[in-house]
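A.B. asks: Sequence plus predicted model, see below.
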Amino acid sequence: MTLTPHSSRVILGGALVLATALGLGACSSTSTTEGSGTSVASVASAALDSATRTIKDSQGTSVTVPAHPQKVVTLHFAATQASLDLGITPIGQGAYIPGLLPEDIEPEVIDIPVVRDSDSVNLEQIAALEPDLVLVPNMISAEDTAEIRKIAPAYVYTHSGADRADWQGRIEEISEALNLHDKFVALDDAVVARQEEIATEYADILADNTFAVINAYSPQEVGLNGSESMLGNLLTNAGVQWSAAEDHIVGGNEGAELTVSPEEVTRAVSDATVLLYASDLRAEPNEETASFMTTEVYTNLPAVVDGKDFPIGKLTIAGFTDAMYSLDQLEEILIGLREAA
């Protein structure tokens, strides 16, 4: 992918303190300050801890953050997974639902305090955690964000709006707030390499099939995703041909996502030879999707009749863990289709 211009925003702060400490450390790694018993190494370490940077968040607000944040609070799972992928375990998080992470990673977050549910942000709990950085999705109100900034630096990242589908851009923003952009680049390169591998290895099967994606949110609402959605972008770059019918109905809707009635689904995925449905990272659909899958509308879809409906992972790609899971699922599907051909 072409990296977004976020990386050009960083303005280093606290450099003089850090350079001074490191310069002293270069003179002697073991010397002490006369009469104090304080090692130069300790001074350098303290300088590193206190160094800051001033960066601009997704809203153009200048935010002074630690050079290397360690006590990070995330107010949405999208930032939680992105932080974990980058090597930072949050000390506070938004609501977590079991199954959003692989079983080997889930124990790392299951007991992290939840400081935001679907209704509100718990400011007192955030303050008690004494974070050095709070990662705030841009759908949090300006009033709540202002209150959070009275507690700790708050970096607002893109979660909703016109750029919602740019999941890599969101993670890149978070990587900049955490000063871990190099890790972002390495993880992003790995996803691109995996996409290219799949596109090449299964080119014949991909050329013979058209894919559509659905998810249900209630008995009356089924979610459609176009080729420019988060998942659409991930899979089309791995060689997937997207349903023209689904793309047409989704149109230019924000994030290339659209909710329709169950009755409209037949028309939306009529040309799909393979139907993918949203799932957690255990390949389990949510309750609403599982219920929709028992209806005549679903069971009579052409791809379902042919036995070609499969779980694909989450439609909201929170991090590289989600992306790699969906690519692995795609490969398993393609292997099965090749064996059945």
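C.D. replies: Received the coordinates, thanks.
A.B. asks: which stretches of this structure have low pLDDT?
C.D. replies: Scanning the chain for pLDDT under 70 picks out 1-50.
A.B. asks: Which strand runs longest in it?
C.D. replies: For the chain, the strand that runs over the most residues, judged by DSSP state E, is strand 211-218.
A.B. asks: neighbouring contacts of that strand?
C.D. replies: 222-225, 229, 231-232, 235, 240-243, 245-246, 259, 265, 268-269, 271-278, 285-286, 288-289, 291-292, 303, 312, 315 (CB atoms under 8 Å, 6 or more residues apart in numbering). In short, each C-beta sits where N, CA and C put it, glycine included.
A.B. asks: roughly how far apart are residue 269 and residue 303?
C.D. replies: Look at residue 269 and residue 303: by CB to CB, to the nearest Å, they are 7 Å apart.
A.B. asks: Taking the contacts of strand 211-218, please make a PyMOL selection of just the buried ones.
C.D. replies: Those of the contacts of strand 211-218 that count as buried under 16 or more other CB atoms under 10 Å are selected in PyMOL with:
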select buried, resi 222+223+224+225+229+231+232+235+240+241+242+243+245+246+265+268+269+271+272+273+274+275+276+277+278+285+286+288+289+292+303+312+315
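A.B. asks: Can you tell me which of the contacts of strand 211-218 end up in helices?
C.D. replies: 231-232, 235, 245-246, 265, 268, 288-289, 291-292, 303 (DSSP state H).
A.B. asks: just the residues you listed now: which is nearest residue 122?
C.D. replies: residue 288 (27.5 Å; CB to CB).
A.B. asks: so what's the closest one closest to, chain neighbours aside?
C.D. replies: Distance criterion CB to CB, 6 or more residues apart in numbering; nearest residue to residue 288, sequence neighbours excluded, is residue 216 at 4.1 Å.
A.B. asks: For that neighbour, give the beta-bridge partners.
C.D. replies: Taking DSSP bridges as the rule, residue 216 bridges to residue 222.
A.B. asks: Off-centre distance for the longest strand of the chain?
C.D. replies: Strand 211-218 sits 19 Å away from the centroid of its parent chain (CA atoms, centre = their mean, to the nearest Å).
A.B. asks: buried sites along it?
C.D. replies: By 16+ other CB under 10 Å, the buried positions in strand 211-218 come out as 211-216.
A.B. asks: Pull the most distant pair out of those residues.
C.D. replies: Among these, 211 and 216 lie farthest apart (CB to CB), at 17.9 Å.
A.B. asks: Can you give me every residue that contacts the nearest residue to residue 167 once chain neighbours are set aside?
C.D. replies: With CB to CB, 6+ apart as the criterion, residue 167 has its nearest non-adjacent residue at 4.2 Å, and that residue is residue 317. Going by CB under 8 Å, 6+ apart, residue 317 touches 167, 230-231, 234, 323, 326.
A.B. asks: can you list the domains in the protein?
C.D. replies: With domains defined by the TED database, the chain comprises 51-179, 202-340.
A.B. asks: Please convert those domains to a markdown table, extending it with distance to residue 191.
C.D. replies: Shown next, in a markdown table, are those (distance: least, CB to CB, whole Å):
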| stretch | distance to residue 191 |
| --- | --- |
| domain 51-179 | 8 |
| domain 202-340 | 5 |
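A.B. asks: Among the ones you listed, which comes closest to residue 194?
C.D. replies: domain 202-340 (5.1 Å).
A.B. asks: Which parts of the stretch 51-200 of the chain are helices?
C.D. replies: 77-85, 123-129, 142-149, 167-177, 181-201 (DSSP state H, counting those that start in this stretch).
A.B. asks: could I get those helices as CSV with distance to residue 63 and mean neighbour count?
C.D. replies: Putting the helices of the stretch 51-200 of the chain into CSV (distance: least, CB to CB, whole Å; neighbours: other CB atoms under 10 Å) gives the following:
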stretch, distance to residue 63, mean neighbour count
helix 77-85, 15, 26
helix 123-129, 16, 15
helix 142-149, 8, 14
helix 167-177, 8, 26
helix 181-201, 16, 15
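A.B. asks: Rebuild these as a markdown table, extending it with distance to residue 332.
C.D. replies: Formatted as a markdown table, these follow (distance: least, CB to CB, whole Å):
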| stretch | distance to residue 332 |
| --- | --- |
| helix 77-85 | 22 |
| helix 123-129 | 40 |
| helix 142-149 | 41 |
| helix 167-177 | 22 |
| helix 181-201 | 11 |
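A.B. asks: so which of these comes closest to residue 51?
C.D. replies: Closest approach to residue 51 among these (CB to CB): helix 167-177, 15.0 Å.
A.B. asks: same for the closest one, what does it pack against?
C.D. replies: helix 77-85, strand 133-137, strand 154-157, helix 181-201, helix 230-236 (3 or more CB pairs under 8 Å, 6 or more residues apart in numbering; DSSP states H and E).
A.B. asks: could the ones you listed be laid out in CSV, adding distance to residue 175?
C.D. replies: Listed next are these as CSV, based on distance: least, CB to CB, whole Å:
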stretch, distance to residue 175
helix 77-85, 8
strand 133-137, 11
strand 154-157, 10
helix 181-201, 4
helix 230-236, 17
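A.B. asks: closest one to residue 66 among those?
C.D. replies: strand 133-137 (6.5 Å).
A.B. asks: Can I get the closest one in CSV, CA atoms only?
C.D. replies: Provided in CSV are the C-alpha atoms of strand 133-137 (Å, rounded to 0.1, in the frame of the first residue of the first chain):
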residue,chain,number,x,y,z
LEU,A,133,-1.4,8.3,26.6
VAL,A,134,-5.1,7.8,25.7
LEU,A,135,-6.0,6.6,22.2
VAL,A,136,-9.4,8.1,21.3
PRO,A,137,-11.5,7.1,18.3
